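1. my questions are about this predicted structure, shown below with the sequence.
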Amino acid sequence: MLPTKAYAAQNEKSPLTPFEFHRRAVGDNDILIEILYCGVCHSDIHQARGEWGNSIYPMVPGHEIVGKVAKVGSKVSKHKVGDIAGVGCFVDSCRTCPSCTSGEEQYCAGHVSFTYNGTEADQKTPTHGGYSSQIVVDESYALKVSPKLDLKAVAPLLCAGITTYSPLKHWKVGPKSRIAVLGLGGLGHMGVKFGKAFGAHVTVISTSKSKEADAKRLGADAFLLSTDSEQVQKAADSFDLILDTVSAEHDLNSVLSMIKLDGSLVLVGVPPQAPSVHPFSLIPRRRSLAGSMIGGIRETQEMLDFCAEKGIVSDVEMIAIADINKAYERMIKNDVRYRFVIDMKTL
Ligand code: NAP
Ligand code: ZN
Ligand code: ZN
């Protein structure tokens, strides 16, 4: 057993504070990763604060992990000591169901071991995430990261990156597509970068007028202020796809009004409250309402390799682990440009 330093939430109201626990010993198929950087996803806040109603405490959040391989088990073939590796939102799955065998482990019909706020394959031992000094993971669930990229800016690709890359690929976004990204935060800014990399016309739909210049700098072709009803009305029936990355309650009927005949609204944001959708927001334009969850190991590796080739990384603001609670408060106020990343040297 490996003593491990971390920060944890003790209950839904507690701030995150220093915490120690044990990682399992490195098994034959495992690698030990010394964590260098961990991104801060809004899902960390939802879960640390019990907003989804499924929280297990104490909870060590963090699923945007990049680090150095420090030890490998006797049967490991994909990674070697000294390599850079990444861990995203899950660390194991049943490996036998149709989703697992087709490389879409995130939709596993059996037990998925989420990186934190979940349980290991034994369905008992709690998992703990990346706000920690090290992690032990089966090599099949670790990603290879090119050392060419700026590693602190790669960390958010492990969740924010794949969560936006995967639906844009699934809905075949390309040069003929007119898409919009709703919410310019950690996920949203990656959605803009991927939308542009795939050749689409990209509009940012935001509540923050102050983000207009950034939206353009990130590559967006247009900016729409969602609090201005005139702008929303003018954009009626104009997008093939809207990727909704918003973390808080908002009106989906107004968002749907901007989607073209046969277009789709794809939800990736998970506000705590269930939205209400009027059937007439969908029926008269045969619109689809869909959702998408992270991405499988194969596609996450494809996304990381695509980013290494194109030089795509996240826009990050570095923080020390002691500032994690302040970072949460700033994210809730939409004050992050565009992903906080914890420098784990500060643990
Ligand atoms: P984030 O960085 O905090 O960004 C969320 C953005 O939503 C904000 O920057 C803001 O953009 C917009 N927003 C916030 N409050 C709003 C409100 N009341 N009305 C309208 N817009 C509002 O969060 P994130 O890390 O990108 O995560 C976004 C959501 O995706 C979270 O719910 C998270 O749990 C979820 N998530 C889902 C998956 C998945 O697999 N589906 C994976 C990761 C995360 P503007 O300032 O531009 O309006
Ligand atoms: Zn996440
Ligand atoms: Zn499975």
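-> Perfect, I can see it now. Ligands and ions are numbered 1, 2, ... in the order given.

2. helix or strand right after the lengthiest helix in the chain?
-> Of all segments of type helix in the chain, defined using DSSP state H, the longest is helix 297-310. Once the chain leaves helix 297-310, the next helix or strand it forms, by DSSP states H and E, is strand 316-319.

3. which residues does stretch 129-138 contact?
-> The contact list for stretch 129-138, computed with C-beta atoms under 8 Å, 6 or more residues apart in numbering, reads 2, 4-8, 16, 23-27, 29-35, 38, 44, 60-65, 67, 70, 87, 91-92, 115-117, 321, 324, 342, 344, 347. Where you see a C-beta, it was placed from the backbone N, CA and C, and this is true even at glycine.

4. avg pLDDT for the longest helix of the chain?
-> For helix 297-310, the mean pLDDT works out to 98.

5. packing partners for it?
-> Judged by 3 or more C-beta pairs under 8 Å, 6 or more residues apart in numbering; DSSP states H and E, the packing partners of helix 297-310 are strand 143-144, helix 160-170.

6. any part of the last one near ligand 1?
-> Yes. Helix 160-170 reaches ligand 1 (C-beta under 6 Å from any ligand atom) through 160, 163.

7. and the contacts of that helix?
-> Helix 160-170 is contacted from outside by 39, 41, 64, 88, 179, 181, 186-191, 194-195, 198, 200, 241, 243, 245, 266, 268, 290, 292-295, 299-300, 303-304, 306-307, 314, 339, using C-beta under 8 Å, 6+ apart.

8. before we move on, what about stretch 200-211?
-> With C-beta under 8 Å, 6+ apart as the test, stretch 200-211 has contacts from 168, 173-175, 177-184, 188, 192, 195-196, 212, 215, 218-227, 235, 239, 242, 255, 258, 334.

9. please convert the buried members of these into PyMOL selection syntax.
-> Buried subset of these, written as a PyMOL selection, criterion 16 or more other C-beta atoms under 10 Å:
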select buried, resi 168+173+177+178+179+180+181+182+183+184+188+192+195+196+212+215+218+220+221+222+223+224+225+226+235+239+242+255+258+334
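
10. re the thing from before, would you tell me which of the helices and strands packed on helix 297-310 gets closest to Asp150?
-> helix 160-170 (13.5 Å; C-beta to C-beta).

11. from the contacts of stretch 129-138, which land in strands?
-> Judged by DSSP state E, the contacts of stretch 129-138 include 2, 4-8, 23, 30-35, 38, 65, 67, 70, 87, 91-92, 342 as members of strands.

12. can you narrow the residues you listed to ones near ligand 2?
-> Checked against ligand 2 using C-beta under 5 Å from the ion, the ones in strands among the contacts of stretch 129-138 give no members in range.

13. now list the buried members of the residues you listed.
-> 4, 6-8, 23, 30-33, 35, 38, 65, 67, 87, 91-92, 342.

14. who touches the helix or strand where Lys216 lies?
-> Using DSSP H and E, Lys216 maps to helix 212-217. Residues outside helix 212-217 that contact it (C-beta under 8 Å, 6+ apart): 184, 189, 192, 204, 206, 223, 225, 337-338.

15. returning to that earlier point: ok, and which of the contacts of helix 160-170 reach ligand 1?
-> Filtering those for proximity to ligand 1 (criterion: C-beta under 6 Å from any ligand atom) leaves 41, 186-188, 245, 268, 293-294.
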